[in-house]
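Participant: generate a structure from the sequence data that follows.
(one chain, ligands or ions: 1)
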Amino acid sequence: EPSWTRTAAAEAESVASISCSGHGRAFLDGSILDGEPVCECNPCYGGPHCSVFLPECVADADSGDPMFLEPFWVKHAARSTIVVPGWHRMSYEFNDGSLVSKELDAQIRRLHAAVGNAVTDGRFIVFGGGATQLLHAAVHALSATNHPLSPSRVVASTPYYPVYREQTEFFNSQDYKFEGDTSLYNNGRFSQGNFVELVTSPNNPDGKLKKAVLQGPSVKTIHDLAYYWPHYTPVPAPADEDLMIFTLSKLTGHGGSRFGWAIIKDEAVYQRMLTYMTLSTYGVPRETQLRVLKLLKVAIEIEGKEMFNFGYQTMSNRWRKLSKTMSKSKRFSIQELEPQRCSFSQKLRKPTPAFAWLKCEREEDKDCNAVLNSNNITGRDGSLFGAESRYVRLSLVKSEDDFDLLLRRMGMLVSREND
Ligand SMILES: C=C(NCc1c(COP(=O)(O)O)cnc(C)c1O)C(=O)O
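Facilitator: Below you'll find the model as predicted:
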């Protein structure tokens, strides 16, 4: 019988059949040339089919754009593809008047139970447009009840994810102010006033598992657990904090889907975050929630939880290769992280973090990114993280092409150290 999805399926298969030489991809919404969507090439590849390597191209290790998981989704195309009818959930609300899919809420709880990386029983869950939106929703929610003369002092331990400072300063509210590094406050001095401490574990940029530094009745914490997955770290135990934020970006690699979730203990904080979501975007798009449900089913229902094995194997291989290259260097060093018992894999595992936190050891190399730029590499300057420019963050989560080029260029730089 006539099937109304046949055209959609044919369009998806047709664009997927455009090869781009394995160094790019064509998309249904890509620009059209000669009636076909064009190949969008990985950095440093060009030509109509991405078959031409551009030798002088910069190895860009700046962004934590998690493309390393794309091959997994290409392999599982049949299980991870959805068809979105033109009439799919047009209403502003679900039948119960809410803005969240109850099925997706349940699937997220099943995900954390399967991985064992977070407690969700008795907790509330809010969806957001990425962890980025939820971070601000959380700072707002934890500061909304402050006395006007006692704004929240938002702090994080150096080195910290730059968006914490940039976002808090951008929204510029009388309820909170970004006050920098926790070390300024954790020995009792200036410890009066309300504090909101942002704790990132594993940390961006250095991959360390971290705990809150400040204690006390006027301290509230936001645990940003974007990287608390087996791809990047051993999972010693389920996180059990007052407010935990996760993102699809670092779990499945879908940074472009703009989906994150917060797990919240306190109902009043949950209600304030819900109000934030209602008044800022009126929830997360329904198409996104449908797609995320599909992706999270694949994440834990494929035998052996293959996505996590793919993620860990990829990051572990990249760390093995990078560590081998850097072990020959006296000019550069990268962070050393201790193995820990992982409750997910039931093994002792070394961390395989999303980023290398590279240090230029020579006294004169105060601008480490400039040293890398001299060999056509660029990372993210350490000063953006509240650290010195002697440090550079190198992204290890981009495509295989990106990582291969970064490794090759770092190898050349290290081999020339004694020239
Ligand atoms: C993409 C990068 N960071 C994403 C990120 C985010 C943002 O995740 P989104 O859900 O993609 O908005 C939140 N928290 C931490 C600690 C992060 O590292 C980056 O650092 O390059």
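
Participant: all contacts plus neighbour counts: C-alpha atoms, from now on.
Facilitator: Will do.

Participant: nearest residue to residue 58 in space, please, no chain neighbours.
Facilitator: residue 376 (4.7 Å; C-alpha to C-alpha, 6 or more residues apart in numbering).

Participant: go on, residue 56?
Facilitator: Counting by C-alpha to C-alpha, 6+ apart, residue 56 lies nearest to residue 376, which is 7.6 Å off, once chain neighbours are set aside.

Participant: with residue 245 instead?
Facilitator: residue 262 (4.4 Å).

Participant: what of residue 309?
Facilitator: residue 231 (7.6 Å).

Participant: give me the neighbour count for that neighbour.
Facilitator: Residue 231 has 25 neighbouring residues, counting by other C-alpha atoms under 10 Å.

Participant: list phi and psi for it.
Facilitator: Per-residue torsions, residue 231: phi -60, psi -40 (degrees, to the nearest 10).

Participant: what residues are up against it?
Facilitator: 308, 309, 311, 312, 313, 315, 352, 353 (C-alpha atoms under 8 Å, 6 or more residues apart in numbering).

Participant: and residue 371, by the same measure?
Facilitator: residue 365.

Participant: check what pLDDT it gets.
Facilitator: With respect to pLDDT, residue 371 scores 97.

Participant: again, but for residue 34
Facilitator: 87.

Participant: re earlier: and the residue nearest to residue 56, how many residues sit next to it?
Facilitator: 18.

Participant: was I right about it contacting residue 409?
Facilitator: Yes. Between residue 376 and residue 409 there is a contact under C-alpha atoms under 8 Å: 7.3 Å.

Participant: shared neighbours, the two?
Facilitator: residue 59.

Participant: show the contacting residues for whatever residue of the stretch 201-350 of the chain ends up closest to the ligand.
Facilitator: Using C-alpha to the nearest ligand atom, the closest approach of the stretch 201-350 of the chain to the ligand is made by residue 247 at 4.3 Å. The contact partners of residue 247, by C-alpha under 8 Å, 6+ apart, come to 130, 131, 226, 259, 260, 261.

Participant: just those residues now: which is nearest residue 169?
Facilitator: Nearest to residue 169 out of these is residue 131 (C-alpha to C-alpha; 17.3 Å).

Participant: contact partners for the nearest residue to residue 150 once chain neighbours are set aside?
Facilitator: Nearest residue to residue 150 in three dimensions, chain neighbours excluded: residue 193, at 6.1 Å (C-alpha to C-alpha, 6+ apart). By C-alpha under 8 Å, 6+ apart, the contact set of residue 193 is 150, 151, 152, 153, 218.

Participant: mind giving me the PyMOL select for those residues, buried ones only?
Facilitator: Only the buried entries of these go into this PyMOL selection, using 16 or more other C-alpha atoms under 10 Å:
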select buried, resi 150+151+152+153
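
Participant: show me the contacts of residue 193 that map onto strands.
Facilitator: If you go by DSSP state E, the contacts of residue 193 have 152, 153 in strands.

Participant: pull up the residues of the stretch 201-350 of the chain that are close to the ligand.
Facilitator: 204, 224, 226, 247, 249, 255, 258, 259, 260 (C-alpha under 6 Å from any ligand atom).

Participant: my read: the second one touches residue 199, true?
Facilitator: Yes. Residue 224 is within contact range of residue 199, at 6.0 Å (criterion: C-alpha under 8 Å).

Participant: for the longest helix anywhere in the chain, give me every contacting residue.
Facilitator: Assignment by DSSP state H gives helix 306-326 as the longest helix of the chain. Residues outside helix 306-326 that contact it (C-alpha under 8 Å, 6+ apart) are 68-69, 72, 230-232, 252, 298-300, 332-334, 352-354, 396-397, 403, 407, 410-411, 414.

Participant: in the sheet, who's paired with residue 198?
Facilitator: residue 156, residue 222 (DSSP bridges).

Participant: coming back round to it: the residue nearest to residue 150 belongs to a strand?
Facilitator: No. Counting by DSSP: H, G, I helix; E, B strand; the rest coil, residue 193 falls outside a strand, being coil.

Participant: use 464 as the first number from now on
Facilitator: OK, 464 is where the count begins now, so the last one is residue 656.

Participant: where's it relative to the ligand, distance?
Facilitator: 25 Å (C-alpha to the nearest ligand atom, to the nearest Å).

Participant: torsion angles phi and psi at that residue?
Facilitator: Dihedral angles (degrees, to the nearest 10) for residue 656: phi 90, psi 170.

Participant: check it and give its pLDDT.
Facilitator: For residue 656, the model assigns a pLDDT of 82.

Participant: residue 464 now?
Facilitator: pLDDT at residue 464 comes out at 63.

Participant: roughly how far apart are residue 750 and residue 720?
Facilitator: As for residue 750, its distance to residue 720 is 10 Å (criterion: C-alpha to C-alpha, to the nearest Å).

Participant: what sits against residue 471?
Facilitator: Neighbouring residues of residue 471 by C-alpha under 8 Å, 6+ apart: residue 546.

Participant: and it, that's in a strand?
Facilitator: No. Counting by three-state DSSP, residue 471 falls outside a strand, being helix.

Participant: fine by me, thanks again.
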